[in-house]
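In: Here is a sequence together with a model predicted from it:
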Amino acid sequence: MRKTAFSKLAVMITAASMVSSLLFAPSAVAVDIAQTVQSDSDTAMGLTESEGQWARQYAAEMLEKYPKLQTNPYAVLAKFTSGASTSEINQLLSEIGATVVDHFPHTNMYLLETVEGNINAKNFLSTSELIDFVEFDQVIRADNISNDPRIGELWGLIGDHGITASAAWNISSSANEVVVAVIDSGVDISHPDLSSVIWTNQDEIPGNGIDDDGNGYIDDTNGWDFAFNDNSPEDGNGHGTHVAGTIAAIRNNNIGVAGVANNIKIMPLRFLDSSGNGFTNNAIAALNYAVSNGAPISNNSWGGGGYSTSLYNAIESANQASHTFVAAAGNSGRNIDSDPSYPAAYNNTNIISVAAINSSGDLASFSNYGITNVDIAAPGVSILSTISHQYCGQTTGSDCYASLNGTSMASPHVAGVAALILGMKPGASPQEISAILSDSVRPTNVLNGILAFGGELDAQAAVELATTSGSITFPGHTQGSTIYQNDQIQITALAVRSDGTDVSSSVTWKDVSGNTLGTGATLTHQTNTIGLLRLTAEAADNSGRTIRSAATFNVEARTFEFILPREIEVPGPEEVVQTSWDWDGPIGETANLIAQSVAFSEVEGVYSMPDVGGQDDLTEVTLSVEEGGTIESVQLGLRFDHTYVADLNI
């Protein structure tokens, strides 16, 4: 069967042979399928397997040589139906020369090597009753867009629209250590501003060639390279190292820059190659590794391709394991509610999707947005951070730095603050971390109505909320409930300190600009703007720190529309005309309905159209309307009598 596949793929083999100098023998197979899935699926035990030389090694080389590749040419991702037997699956795969390379037990999905072509394999498998779903192993790309000149300060941490990092550091000095997986192009673990914050697998003995911890990866001392299936997640692109530096560059070491948090160990997981491209299956494998090896948070500054059920399921599996998935919103400058960009636009509740702002607090021109699919904004323009020695063209251990733009640079700011929250509130779920970020956001008019949380990342406020058990709720209020323009609303806050004291009477109410609207448990407010209305309630906890929460409303304009009559009525004197209408304002509201007379004319006539050979015919007709006044609308009906229909153009 393999010889047949080779003969059919003469062109593809030739393409692969062009990069034959890059071929290498994998030091370890990423997952021992038979061993890994024994408890997950008896079916997987007897499936025809391969080491994935085509699906992984040759595909990675093709992607480096042809960086615009959209899918893995030698693999698909699939899930078999629960009733499919081993023999049935093997027979199905043998018909196209396919084999199993990897199994993802969290979601029971498989990476299938399809040396006869991914398109034919997908088309063939999708018609089988043994297949639950099958899809391409799509290429995912890093989300940075350009380099800018080096800057002398980290405005994203300490600027006017930065995250108020220094205040957050004072509050979070006792934060527990948190492992953050950087799923990206790798990390320069020898960088002097990162070397002491790189995660170490304590259950693995370095360099002995044995999988000591039995996790399926040999000598994975500091993470794994899923792009080339080895234990050295080095960063030939620089993107992942830049992300890692924003999250956790060493503070107070008299070298380079400082990261958002110093309670973090970075777990480097490479799936993007040196061009910033990678396959979906490797992103899934990296995420599964992060979850299985104890990282409760991952930063994912990448995106591309269409909707992937496989990736969605992997993120949802991580959700069930209480893993927070921080994602860059993307750099296309579009609304990803109507034009989704993944993974940021998946609706998994453990995803925190991040837009980028500049130092003036404006949404970056390149940043995606969306009130449903993008949550929060963070600094993403001219962000100075660590960069790999490969990027700088220097030797290992070099202190290289660069300024980059992108939502890729915004996302790690949020990942770092999420780690501070988790460090101060151990065991917090992804949903609790998201709620703290939402309640602590710094609201702005620019971002209100285009992002779910309506504002900028505020590390100080977030850490304050994470260190208190006080709360503010809004009894009887449903978030996002609809009201109408110029309505007067009344809302009540219940504020309780950490010691249980009710301090609702001391609540301060603010709008998105930070203006005080009133004090006390109940606020009466009249809105005159259409869109999202966000009212923030604040109170002081026992420690003096601020408890904060926001109530939201959807403000709509009232509409009035006649249903009857739908046609023009010409009543006689004293004649009564019946009307009806739709009104979406308050029931029982009254207003005066003014009737106004209008003129109506109907002009009919027969007009000739000359037929002159060799030229376009033009007939100009003047219709005279005798009534005066303003013409609001005209209805014109035409009837043509013509000998030959085919040569009549209107």
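Out: Noted; the coordinates are in hand.
In: Leaving out sequence neighbours, find the closest residue to V257.
Out: Spatial nearest neighbour of V257, excluding adjacent residues (Cβ to Cβ, 6 or more residues apart in numbering): A249 at 4.9 Å. Bear in mind the C-beta positions are built from the backbone N, C-alpha and C, glycine included.
In: Quick one: residues contacting that neighbour.
Out: A249 makes contact with 193-194, 197, 256-259, 385-386, according to Cβ atoms under 8 Å, 6 or more residues apart in numbering.
In: Using a markdown table, lay out the residues you listed together with neighbour count.
Out: Below are the contacts of A249 laid out as a markdown table (neighbours: other Cβ atoms under 10 Å):
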| residue | neighbour count |
| --- | --- |
| D193 | 25 |
| L194 | 26 |
| V197 | 25 |
| G256 | 18 |
| V257 | 19 |
| A258 | 23 |
| G259 | 27 |
| S385 | 26 |
| T386 | 30 |
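In: Run a quick neighbour tally on G500.
Out: Around G500 there are 9 other residues, counting by other Cβ atoms under 10 Å.
In: Then A551?
Out: Neighbour count of A551, defined by other Cβ under 10 Å: 23.
In: can you check R251 too?
Out: 15.
In: That one reaches V257, doesn't it?
Out: No - contact between R251 and V257 fails when scored by Cβ atoms under 8 Å: they sit 9.1 Å apart.
In: quick one, strands of the stretch 351-500 of the chain?
Out: 351-357, 376-379, 383-387, 400-405, 442-443, 455-456, 471-473, 481-484, 488-492, 494-496 (DSSP state E, counting those that start in this stretch).
In: Out of the contacts of A249, which sit inside helices?
Out: Using DSSP state H, no member of the contacts of A249 falls in helices.
In: Low-confidence stretches in the chain?
Out: When residues are selected by pLDDT under 70, those of the chain lie in 1-45, 144-153, 584-586, 591, 595-602, 610-611, 613, 616-618, 627-628, 640-650.
In: Just the element for F124, please.
Out: helix 118-125 (DSSP states H and E).
In: what's that helix packed up against?
Out: The contact analysis (3 or more Cβ pairs under 8 Å, 6 or more residues apart in numbering; DSSP states H and E) places helix 118-125 against strand 71-80, strand 109-114, strand 131-142.
In: Pull the residues that contact it.
Out: 71-76, 78, 92, 95-96, 98, 112, 114, 131, 134-137.
In: Phi and psi next, for the nearest residue to S504 once chain neighbours are set aside.
Out: Using Cβ to Cβ, 6+ apart and skipping residues adjacent in sequence, the residue nearest S504 is A521, 3.9 Å away. Main-chain torsions, A521, degrees, to the nearest 10: phi -70, psi -30.
In: Next: I266.
Out: Residue torsions, per degrees, to the nearest 10, at I266 are phi -90, psi 120.
In: hang on, the earlier thing: return the member of the contacts of A249 nearest to A181.
Out: Closest approach to A181 among the contacts of A249 (Cβ to Cβ): V197, at 13.2 Å.
In: contacting residues for the closest one?
Out: Contacts of V197 (Cβ under 8 Å, 6+ apart): 248-250, 259, 262, 264-266.
In: try 7 Å
Out: The contact partners of V197, taken as Cβ atoms under 7 Å, 6 or more residues apart in numbering, are 248, 250, 264-266.
In: now I205
Out: Counted by Cβ under 7 Å, 6+ apart, I205 has contacts D212.
In: any idea how far it is from D213?
Out: According to Cβ to Cβ, to the nearest Å, I205 and D213 sit 9 Å apart.
In: Please apply the same query to H389.
Out: H389 sits 29 Å away from D213, taking Cβ to Cβ as the criterion.
In: With neighbour numbers in mind, choose between the two.
Out: The neighbour count for H389 versus D213, taken as other Cβ under 10 Å, is higher for H389 (20 against 14).
In: And the spatially closest residue to that one that is not a sequence neighbour, its phi and psi?
Out: Among residues not flanking H389 along the chain, S398 sits closest, at 4.2 Å (Cβ to Cβ, 6+ apart). Main-chain dihedrals, S398, degrees, to the nearest 10: phi -80, psi 140.
In: number of nearby residues for S398?
Out: The number of residues packed near S398 is 18, by other Cβ under 10 Å.
In: got it, and the one 10 residues further on?
Out: S408 is flanked by 32 other residues according to other Cβ under 10 Å.
In: cool, and the one 5 residues further on?
Out: Under the neighbour criterion other Cβ under 10 Å, H413 is assigned a count of 31.
In: same question, G629
Out: Residues lying near G629 (other Cβ under 10 Å) number 9.
In: Longest helix in the chain, by number of residues?
Out: Ranked by residue count and defined by DSSP H, the top helix of the chain is helix 407-424.
In: what's the offset of it from the middle of its chain?
Out: 15 Å (Cα atoms, centre = their mean, to the nearest Å).
In: what's that helix packed up against?
Out: Where contact means 3 or more Cβ pairs under 7 Å, 6 or more residues apart in numbering; DSSP states H and E, helix 407-424 is packed against strand 178-184, helix 239-248, strand 297-300, strand 324-328, strand 351-357, strand 376-379, helix 430-440, helix 459-466.
In: still on that earlier bit, among the contacts of A249, which are located in strands?
Out: Using DSSP state E, the members of these that fall in strands are 385-386.
In: Just the closest of the contacts of A249 to V446, please.
Out: In terms of Cβ to Cβ, no member of the contacts of A249 lies closer to V446 than S385, at 24.6 Å.
In: so what's that closest one up against?
Out: 242, 245-246, 249, 257, 401.
In: how near is the most centrally placed residue in the chain to W302?
Out: Nearest to the mean C-alpha position of the chain, by Cα atoms, centre = their mean, lies A344 at 0.9 Å. Plainly put, A344 is 10 Å away from W302 if you go by Cβ to Cβ.
In: With E569 instead?
Out: 62 Å.
In: how big is the angle separating the longest helix of the chain from strand 351-357?
Out: Here helix 407-424 runs at an angle of 130 degrees relative to strand 351-357 (axes from the mean of the first three to the mean of the last three Cα atoms, to 10 degrees).
In: Out of the contacts of A249, flag the one nearest to E432.
Out: Closest to E432 out of the contacts of A249 is G259 (23.0 Å), distances taken as Cβ to Cβ.
In: wait, isn't that closest one in contact with H242?
Out: No - counting by Cβ atoms under 7 Å, G259 sits too far from H242 to count as a contact (11.2 Å).
In: Report the secondary structure state of the residue lying closest to P426 once chain neighbours are set aside.
Out: Nearest non-adjacent residue to P426, counting by Cβ to Cβ, 6+ apart: N176, 5.5 Å away. With DSSP: H, G, I helix; E, B strand; the rest coil as the basis, N176 sits in coil.
In: Tell me who's in contact with N176.
Out: Contact analysis of N176 by Cβ under 7 Å, 6+ apart lists 263, 423, 426.
In: Include neighbour count and distance to A84 when you put the residues you listed into CSV, please.
Out: Shown next, in CSV, are the contacts of N176 (neighbours: other Cβ atoms under 10 Å; distance: Cβ to Cβ, whole Å):
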residue, neighbour count, distance to A84
N263, 21, 46
G423, 21, 45
P426, 10, 42
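In: Could you list the domains of the protein?
Out: 2-142, 146-466 (automatic domain parsing).
In: Could you look over those domains and pick the most buried one?
Out: domain 146-466 (a mean of 22; mean count of other Cβ atoms under 10 Å).
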